[in-house]
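> 3D, please:
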Amino acid sequence: MKEHLDYALRLFDRGMICLPLCPGGKHLDLAAMGYDPVHKRTRRKNLKELAFTGITFHLSQKSPSRETVAGWFAGFSGNVGILGGYGDLLILDFDDEPNFERWRKGRDALIRSTPAAKSPSGFHVYLKSTEPIVSSSLHFGLRRVGHAKALGGYTVASPSILADGPEYRWLPGQSPFDLEPARVDNLAAISLLPVSPLKLAYDRLLGRGYFDDD
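Below is the predicted model:
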């Protein structure tokens with residue numbers, strides 16, 4: 001569809017990379033991107049996760065050209081994703097409205113100043129991080145509230161429509177064509193964590209997550 005092609009190129013010019021997703025779904029359309037969708041032949045979940053994480057991380061570090069993106073979307077009629085991690089893009093994917101509303105208290109100014117979208121069941125908030133962030137679960141206090149989509153991840157975006165009817169849409173006046181993503185230092189700066197506070201404290205106690213240079 002020409003609309004998808006124009007949309008992907010306009011977002012490319014705004015510093016965001018669109019990804020082709022399977023029609024009616026949330027999975028990367030690897031064939032449209034020129035990859036062998038081996039996970040479909042084998043129906044192995046670990047191969048799907050390896051492919052999706054590996055490809056998205058690679059693209060965030062070595063971005064596709066405008067011509068490559070145009071090739072993905074020429075005549076394409078599936079759904080559209082947005083790559084996390086590229087240009088420090090951090091997407092907060094809240095699973096449902098109640099959890100989003102709990103987090104947004106006191107943060108209305110931030111949310112109004114940055115691209116945001118309504119997903120079928122929750123909300124997406126588009127930010128830029130000062131430090132590298134890896135895609136992960138998203139915790140607010142002791143509650144798991146969704147996912148952080150950054151390095152190694154992507155999110156489904158407008159104008160995608162799921163097979164059973166729900167759609168993704170930008171909030172009025174808050175598309176990437178209206179606003180630049182607001183910058184935050186990291187998840188902790190906005191009272192969010194990639195894991196539960198108890199696990200984070202335990203990992204820090206054991207020194208997990210870092211390595212010494214040889």
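> hey, let's count contacts and neighbours off CA atoms from now on
Fine.
> quick one: the residue lying closest to residue 125 once chain neighbours are set aside from residue 155, how far?
Spatial nearest neighbour of residue 125, chain neighbours left out: residue 116 (4.5 Å); criterion: C-alpha to C-alpha, 6 or more residues apart in numbering. As judged by C-alpha to C-alpha, to the nearest Å, residue 116 and residue 155 stand 12 Å apart.
> looking at these two, which one has more neighbours?
For the pair residue 116 and residue 155, the greater number of neighbours falls to residue 116 (25 against 22), based on other C-alpha atoms under 10 Å.
> that one and residue 62: what is the separation?
From residue 116 to residue 62 the distance is 26 Å (C-alpha to C-alpha).
> go on, residue 26?
Using C-alpha to C-alpha, residue 26 is found at 23 Å from residue 62.
> the two: who's more crowded?
Using other C-alpha under 10 Å, the more surrounded residue of residue 26 and residue 62 is residue 26, with 21 against 10.
> tell me if that one really is in a helix.
No: according to DSSP: H, G, I helix; E, B strand; the rest coil, the state of residue 26 is coil, so it is not within a helix.
> that one and residue 94: what is the separation?
To residue 94, residue 26 is 16 Å away according to C-alpha to C-alpha.
> the residue nearest to residue 125: what's it in contact with?
Residue 116 makes contact with 123-126, 170-171, 174-175 under the criterion C-alpha atoms under 8 Å, 6 or more residues apart in numbering.
> just the buried residues from these, in PyMOL please.
Selection of buried members from the contacts of residue 116 for PyMOL, criterion 16 or more other C-alpha atoms under 10 Å:
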select buried, resi 123+124+125+126+170+174+175
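> any chance of CSV for the contacts of residue 116, columns pLDDT, secondary structure and distance to residue 14?
Shown next, in CSV, are the contacts of residue 116 (pLDDT from 0 to 100; DSSP: H, G, I helix; E, B strand; the rest coil; distance: C-alpha to C-alpha, whole Å):
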residue, pLDDT, secondary structure, distance to residue 14
123, 98, strand, 21
124, 98, strand, 18
125, 98, strand, 17
126, 98, strand, 13
170, 98, strand, 15
171, 98, coil, 18
174, 98, coil, 14
175, 98, coil, 11
